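> sequence? don't have it. structure:
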């Protein structure tokens with residue numbers, strides 16, 4: 001755990017709940033998918049802004065385990081958008097030194113999309129400039145349940161003594177086991193809830209809820225939110241000395 005007296009100049013890891021695409025489109029008399037396409041373009045701008053802001057890790061919430069409840073037309077359109085995004089952005093991400101990872105349960109995703117995800121992870125595996133994690137078919141509770149199942153299997157097979165299991169043990173079975181916990185979580189669109197996103201990892205994260213809809217969330221606004229983080233005192237449950 002970081003020292004409670006530390007006040008970092010910038011968050012090392014920022015996670016974003018990219019909300020408001022549908023409302024942005026509807027306010028313009030367009031279908032919801034129009035907003036999702038606009039939101040996808042905004043992702044590139046935010047990723048490119050990370051190095052200059054000192055942000056090493058960026059995690060974005062692209063599609064939740066609950067999003068399957070949306071209309072079939074919207075879900076199908078989103079899956080096509082994901083495939084298009086991976087095809088269009090793969091070389092740019094690679095050349096810009098971005099390492100891409102995906103978290104979430106891939107079992108419900110179609111084989112073509114999963115193959116593209118695997119290929120992008122492999123293509124960018126040696127990049128270190130920015131670590132971009134895309135949460136796709138992801139839910140915090142689902143992640144913890146899957147991690148617990150894997151941990152229980154290891155215990156049942158005699159590989160782990162149940163008496164030694166603690167929070168750090170479980171964390172090793174999470175989708176994000178190779179990533180640092182987020183320092184800052186941003187949610188756009190004016191909603192003030194965390195929507196089942198990185199529940200375990202965000203236990204001590206700072207939160208920022210902004211009114212801007214995601215397609216309007218510029219790199220400049222992202223920078224302002226990141227810079228405001230420096231003024232926060234993070235105590236991690238401790239009393240300042």
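Yep, it's here. The structure presented is a predicted model; accordingly, all values stated were derived computationally and were not measured.

> Where does pLDDT dip in this protein?
1-8, 233-241 (pLDDT under 70).

> Helices of this structure, start to end?
Shown for the chain, the helices assigned by DSSP state H span residues 21-26, 32-53, 72-95, 111-123, 140-156, 167-171, 219-228.

> roughly how far apart are residue 78 and residue 63?
Here the criterion is CB to CB, to the nearest Å. By it, residue 78 lies 6 Å from residue 63. (Each C-beta comes from the backbone N, C-alpha and C, glycine too.)

> cool, residue 198 as well?
Counting by CB to CB, the gap between residue 198 and residue 63 amounts to 14 Å.

> Which one's more surrounded, these two?
The residue with more neighbours, out of residue 198 and residue 63 and counting by other CB atoms under 10 Å, is residue 198; that gives 26 against 21.

> pretty sure residue 103 is touching residue 143, no?
Yes - the pair residue 103 / residue 143 is scored as a contact, 7.4 Å apart, by CB atoms under 8 Å.

> Those two: who's more crowded?
Just comparing residue 103 and residue 143: by other CB under 10 Å the higher neighbour count belongs to residue 143, 25 against 20.

> what sits against the closest residue to residue 178 other than its chain neighbours?
If you skip the residues right next to it in sequence, residue 178 has residue 101 as its closest partner in space, 7.8 Å away by CB to CB, 6 or more residues apart in numbering. Applying CB atoms under 8 Å, 6 or more residues apart in numbering to residue 101 gives the contacts 121, 131-134, 178-179.

> Give me the nearest residue to residue 83, chain neighbours excluded.
If the residues on either side of it in the chain are set aside, residue 83 comes closest to residue 113, at 5.6 Å by CB to CB, 6+ apart.

> Any figure for the gap between that neighbour and residue 46?
22 Å.

> Equivalent analysis for residue 197, please.
From residue 197 over to residue 46 (counting by CB to CB), the distance is 16 Å.

> ok, now residue 38?
Taking CB to CB, one finds residue 38 at 13 Å from residue 46.

> got the buried residues for stretch 141-151?
For stretch 141-151, the buried set under the neighbour-count rule, 16 or more other CB atoms under 10 Å, comprises 142-144, 146-147, 151.

> same question, stretch 30-49
By neighbour count with 16+ other CB under 10 Å, stretch 30-49 contains the buried residues 32-40, 42-44, 46-47, 49.

> ok, of these, which one's closest to residue 14?
When these are compared for distance to residue 14 (CB to CB), residue 46 comes out closest, at 9.0 Å.

> residues contacting that closest one?
Applying CB under 8 Å, 6+ apart as the definition, the contact partners of residue 46 turn out to be 16, 58, 217, 219, 222.

> ok, of the residues you listed, which one's closest to residue 155?
When the contacts of residue 46 are compared for distance to residue 155, the smallest value, 34.0 Å, is given by residue 58; criterion: CB to CB.

> Quick one: residues contacting that closest one.
Residue 58 is in contact with 13-16, 46-47, 50, 130-133, counting by CB under 8 Å, 6+ apart.
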